[in-house]
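**Student:** Below is the sequence, then the predicted model.
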Amino acid sequence: MRVLVVEDEEHLADAVARGLSAEGFEAVVVHNGLDGLARAREGPFDAVVLDILLPGMNGYQVCRTLREEGIWTPILMLTAKDGEYDEAEALDTGADDFLSKPFSFVVLVARLRAITRRRADARPDPLSVGDLHLDPATRECRRGSEAVTLSPREFSLLETLMRHAGDVVSKPELLDRVWGSEFGGDPNVVEVYVGYLRKKIDRPFQRHDIQTVRGVGYRLIAAG
Ligand code: CA
């Protein structure tokens, strides 16, 4: 496991890094928020230990910025006990967990293992095809920087096409995946929903990414 430690108290940062190394982790240490953000962007890390009070940019801002950029590395935030910054706020910014200082090293390691495991289990990877982005975890869809609102069915249809980007997905397969194998209605519902999706993700952007392959099904590509 590779862990980024963002902590301006150098003694504490070094102690954490040494401890993590002893546990078999690879630790990378930086001492301010801006370096933390830059390193986290470069990645890849399995987790970030992020202090809140940091020079340059505080931990909340680092965390929020990473999440806004779609970087979902698990973050364990270090909160001070003085109450100035609270734990709820840490979670609000997109942190996975928090730990109050002073903490025991055993607990730090246990929390790190827990958040990386949880993330790996729970979080489906965001999907991108060209400038079309879909995040199954947050249910967000974007074309470039523009948010697109999709109904649950549209979302599921687009997710299926994006997971098979470049390949033709047949109508029966789409029916099965999006409407379920017991769907007894009109199979043309697929066509109808592909039409809805085109109105949301293609037409307003002068795109033709969802292609009809006659007699077979549909294919999503970054057609531009
Ligand atoms: Ca600090």
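**Tutor:** Happy to help now that I have it. Residues are numbered from 1 along each chain as shown.
**Student:** where are the low-confidence patches of the chain?
**Tutor:** For the chain, applying pLDDT under 70 flags the ranges 81-91, 119-123, 181-182, 224.
**Student:** For the residue nearest the centre of it, give its distance to residue 48.
**Tutor:** Per CA atoms, centre = their mean, the C-alpha nearest to the average position across the chain is that of residue 72, at 4.0 Å. Per CB to CB, to the nearest Å, residue 72 is found 11 Å from residue 48. Backbone N, C-alpha and C define where each C-beta goes, glycine included.
**Student:** hmm, back to that, what helix or strand is the residue nearest to the centre of the chain on?
**Tutor:** Under the criterion DSSP states H and E, no helix or strand holds residue 72.
**Student:** Can you get me a residue count around residue 62?
**Tutor:** 29 (other CB atoms under 10 Å).
**Student:** from this structure, which residue is nearest to the ion?
**Tutor:** residue 53 (4.0 Å; CB to the ion).
**Student:** any idea which helix or strand carries that residue?
**Tutor:** Per DSSP H and E, there is no helix or strand for residue 53.
**Student:** And residue 155, by the same measure?
**Tutor:** Assigned by DSSP H and E, residue 155 belongs to helix 152-163.
**Student:** related to what we said a few turns ago, the residue of the chain closest to the ion reaches residue 80, doesn't it?
**Tutor:** Yes: between residue 53 and residue 80 there is a contact at 6.7 Å, judged by CB atoms under 8 Å.
**Student:** neighbour-wise, which of those two wins?
**Tutor:** Neighbour totals were compared for residue 53 and residue 80, and residue 53 leads with 17 against 14 (other CB under 10 Å).
**Student:** Okay, strands next: where are they in this structure?
**Tutor:** Per DSSP state E, the chain carries strands over the ranges 2-6, 26-30, 47-51, 75-79, 97-100, 127-129, 132-135, 140-143, 146-148, 168-170, 210-213, 217-220.
**Student:** Give me the sheet partners of the fifth one and which way each runs.
**Tutor:** Partners of strand 97-100 in the sheet, by DSSP bridges, are strand 75-79 (parallel).
**Student:** Many thanks, have a good one.
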